[in-house]
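Trainee: just a sequence and a predicted model for now, questions to come.
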Protein chains: 2
Amino acid sequence: MTKEKTAISPTRAEDYSEWYQQVVKAAEMAEHSPVRGCMVIKPWGYALWENIQRELDDLFKATGVRNAYFPLFIPLSFLEKEAEHVEGFAKECAVVTHHRLEKGPDGGLVPAGKLAEPLVVRPTSETIIGDAFSKWVSSYRDLPLLINQWANVVRWEMRTRIFLRTSEFLWQEGHTAHATSEEAVERTKLMLDIYAELAENYLAMPVIKGRKSAAERFPGAVDTLCIEALMQDRKALQAGTSHFLGQNFAKASQIRFQSAQETEEYAWTTSWGASTRLIGGLVMTHGDDDGMVLPPKVASAHVVLLPIFRKEAEKGQVMEYTHKLAKELRGSTYNGRPVRVEIDERQTGGARNWDWIRKGIPVRAEIGPRDIAEDSVFMGRRDNSPKEKKSVKREAFVRGLGQTLDQIQDALFQKALAYRKEITCNIDAKEDFYEFFTPKNADLPEIHGGLAMSHWCGEAACEAGIKEDLTVTIRCIPAENEIIEGRCICCGKESRERVAFSKAY
Amino acid sequence: MTKEKTAISPTRAEDYSEWYQQVVKAAEMAEHSPVRGCMVIKPWGYALWENIQRELDDLFKATGVRNAYFPLFIPLSFLEKEAEHVEGFAKECAVVTHHRLEKGPDGGLVPAGKLAEPLVVRPTSETIIGDAFSKWVSSYRDLPLLINQWANVVRWEMRTRIFLRTSEFLWQEGHTAHATSEEAVERTKLMLDIYAELAENYLAMPVIKGRKSAAERFPGAVDTLCIEALMQDRKALQAGTSHFLGQNFAKASQIRFQSAQETEEYAWTTSWGASTRLIGGLVMTHGDDDGMVLPPKVASAHVVLLPIFRKEAEKGQVMEYTHKLAKELRGSTYNGRPVRVEIDERQTGGARNWDWIRKGIPVRAEIGPRDIAEDSVFMGRRDNSPKEKKSVKREAFVRGLGQTLDQIQDALFQKALAYRKEITCNIDAKEDFYEFFTPKNADLPEIHGGLAMSHWCGEAACEAGIKEDLTVTIRCIPAENEIIEGRCICCGKESRERVAFSKAY
């Protein structure tokens, strides 16, 4: 059996981890920078992020959230205000200690102007935003306060992986303050629903909504809700989190208000975030052995026009036709946004076509003199085989583009959903559970496991034991869980619901 | 004579500098943070920035520019690659020296995990982006490379002023590489034209386009082009700069390419930026003694609806009418964007009205039971006197809103232009020049000067002498200068053109 040639080497089956790096590289989405753990997001990857931002931002604003911006630096004393919080972030943070450079003894520049108090580059902003909230809130009439920030954050991760775990990443962090616990809990759930909507309806990425066990909670939170997606190597990826912070941060930052009954109360706060990590999730959800596959609703571009001319004499006519078509397409909309069109004039034949397949653009349209004679384009779809192309009349192509993109969007979601179902199973016996998560083939260590829905008694010791033995964690306690009697997969004690176990990023 | 009461105290005439702070505060645009020199941009100010971003981003993209993102941190060795550049930024930069916090001897956290090489928080990104460009460019076919980044930057300014000069600020920085010097110069001018278009057509802020003298150039640039606006205290504000960098940074970062003639060449680069400083410029261009005045095209919101009900029984009807009107307005567009509508339900009478005047919203519409009976709103415009309001039929209000906003936009520009003309004059005698820039009244030190168009021989010594004597600088050598014989305002030597002198922010 001869192996079919793929545009990405190695394939997913050969070396998943390296395949991931190669897809990110071949699609020109991002690259490593000379700064340890920091990435450069290239235009094709950044356009994807801009589209994700736009959709998420609209979803936020529709619920009354407003954007604002807070300082990059957090005084050390602020971080220390919440004990669990500082514990969670102190081990990996960038610390600014000086505010000047001057000539050192050997002539090179050295840090100078030592700061009285070191500043931490924000790993997250609960404490600095909490300080602002404490000034903005004085009466129940000032509540709820619904704020979001689009920003860069820094966590000095020891082992980094492009998009998935980088020292600096881009994200949004929402922070809200409420008069009652109920209202804050409601907001925590609402924002999780928005993340799930983004993931499923825009990223075509099926997710499980649920809440974290105590061990996996955000440092300082009372409750952490999350969406978890399943990658093609059967590991889970946490794709968004929404935290109910109780009054912990309100007490740390003194966010107090006078209630309608004229009593002095601490506010109830929430925070919620999603990051450029989502792009890594997209690669691992939809990418194939030919490269990236972009879901149309957030695709960096929807369609690329590939003009073909052999002689210089043909060029004028072909380019005129191409630009006219591009203009027509850009004047139309898909999912409420203008259609995003690329034109690639390079005459590199098949290589050019493959570049766009690797980049994952949903639709390719070749335009040569013969196509023009028939007022047609020669169209290929990223969700079909690379060689499957067909001639479509220009008018039908333009008119049908929205439908084509919808079909691709839906096909990607259905495929990902089917895959998740395939690798998810209820497991009730400890032996089966350990078997499930143990590699079968030393050459293909990653082809095992998946999502095990198993009973858990709620004890941290059982959770820790499984993590220790198998590096498997509880991804979440699903929100839409059926109450069903069973026995803990670890200790055999009684349990009333299954939780989602898997390996994870 | 009794003084008319104003919403902002002090007035511009009483204390311009304090008036500025009070307008920013009263309009809830931004506030000082507990981190030295860093500001918190509040929702009303941030919405303004988002609108500026959107317009500028569209203008950039229409010229082929694509967005990307580069690391926040710059290794010290990178900054040192261009001698003038490091000289320009070393004195005021935030330096990261550690990547962890741990318990110190007295129990508090102290920096730990010292970095082998200190990292500088980017004050600007020529060197780190140059490094990426050196990998992205290998042939003339890769050029031009047209990249922009929206980001935060840090310059450890000793004297800060909200929006105008802060340690951290938000901006965009464009970076391009070209095969020829001519093309790079062309791009430098094109981006300046875009800044001028943003300033004049969107911000309603008249600007003078020109180039900086050598003393005022960006560190490392061959030529710096700029737009300069005139504030109401007669000082100039640099509102955007576009730098032709020659091959300086290409040599520092090794951005090389093979030409069509197969020779190895250094690229020619440009960089250009505009920042949240523009918001400070807007305050000082349009603000008055009642607060902020927002130009409609970038206004945080276009219109606020102010429902009025005395009894609870009236509330239902009034709110229904208000929300219906809001929906109708939001479904319409102004200048190609959906109309931005606020609703303020608070029943605080006149205080509520004044809040929106201070915030500078272009149009206010009161809606009470009597207005509803007549299917009308009671409308006020920010560019009219606060008490000048009139009843307008709802349908005419909705239909005419675009025209109303256009009128306000135009009125603001014309007013600012007239003011600039009023304070600009040709000065040819040194004595007059010194007189012009010397305060006449010790109580009102800022009411003097303006923009002096005077001859300059081109010598740095003359420029430096004037700066020393009067703190007056050459803002720019205007791009559309008439060639006209004259004598240097300082030394009397021959000169062929006038340059723009003034005090500046």
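Mentor: Happy to help now that I have it.
Trainee: what bits of chain A have low per-residue confidence?
Mentor: A:1-3, A:442-447 (pLDDT under 70).
Trainee: repeat that for 50
Mentor: Scanning chain A for pLDDT under 50 picks out A:1.
Trainee: quickly list the domain ranges of chain A.
Mentor: A:23-75+A:123-286, A:300-420, A:424-502 (automatic domain parsing).
Trainee: got a markdown table for those domains, with distance to residue B:400 and mean neighbour count too?
Mentor: Backbone N, C-alpha and C define where each C-beta goes, glycine included. Listed next are the domains of chain A as a markdown table, based on distance: least, C-beta to C-beta, whole Å; neighbours: other C-beta atoms under 10 Å in any protein chain shown:
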| stretch | distance to residue B:400 | mean neighbour count |
| --- | --- | --- |
| domain A:23-75+A:123-286 | 27 | 21 |
| domain A:300-420 | 27 | 17 |
| domain A:424-502 | 49 | 16 |
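Trainee: now do the helices in the stretch 351-500 of chain A.
Mentor: For the stretch 351-500 of chain A, the helices defined by DSSP state H, counting those that start in this stretch occupy A:369-373, A:394-422, A:430-436, A:460-470.
Trainee: how about a markdown table for those helices, with distance to residue B:9 added?
Mentor: Below are the helices of the stretch 351-500 of chain A laid out as a markdown table (distance: least, C-beta to C-beta, whole Å):
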| stretch | distance to residue B:9 |
| --- | --- |
| helix A:369-373 | 70 |
| helix A:394-422 | 56 |
| helix A:430-436 | 71 |
| helix A:460-470 | 59 |
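Trainee: what's the closest non-adjacent residue to the closest residue to chain B within the stretch 201-350 of chain A?
Mentor: Nearest residue of the stretch 201-350 of chain A to chain B (C-beta to the nearest C-beta) works out as residue A:346 at 8.0 Å. The shortest distance from residue A:346 to any non-neighbouring residue, by C-beta to C-beta, 6 or more residues apart in numbering or on different chains, is to residue A:352 (5.4 Å).
Trainee: got a list of what that neighbour touches?
Mentor: The contact partners of residue A:352, by C-beta atoms under 8 Å, 6 or more residues apart in numbering or on different chains, come to A:306, A:344, A:346.
Trainee: residue contacts, the first one?
Mentor: In this case it means residue A:306. A:344, A:352-353, A:356, A:364-367.
Trainee: ok, which residues in the stretch 201-350 of chain A are in contact with chain B?
Mentor: residue A:346 (C-beta under 8 Å from any C-beta of the partner chain).
Trainee: can you map out the strands along the stretch 201-350 of chain A?
Mentor: Under the criterion DSSP state E, counting those that start in this stretch, the stretch 201-350 of chain A contains strands at A:207-211, A:223-230, A:236-244, A:256-258, A:264-266, A:268-275, A:303-307, A:333-334, A:337-338, A:341-343.
Trainee: which neighbouring elements make contact with the last one?
Mentor: Spelled out, it's strand A:341-343. For strand A:341-343, the elements it packs on are strand A:303-307, helix A:312-330, judged by 3 or more C-beta pairs under 8 Å, 6 or more residues apart in numbering or on different chains; DSSP states H and E.
Trainee: pretty sure residue A:356 sits against residue A:365.
Mentor: No: Residue A:356 lies out of contact with residue A:365 (C-beta atoms under 8 Å); the separation is 10.3 Å.
Trainee: what touches both of those two?
Mentor: With C-beta under 8 Å, 6+ apart as the test, residue A:356 and residue A:365 both reach A:304, A:306.
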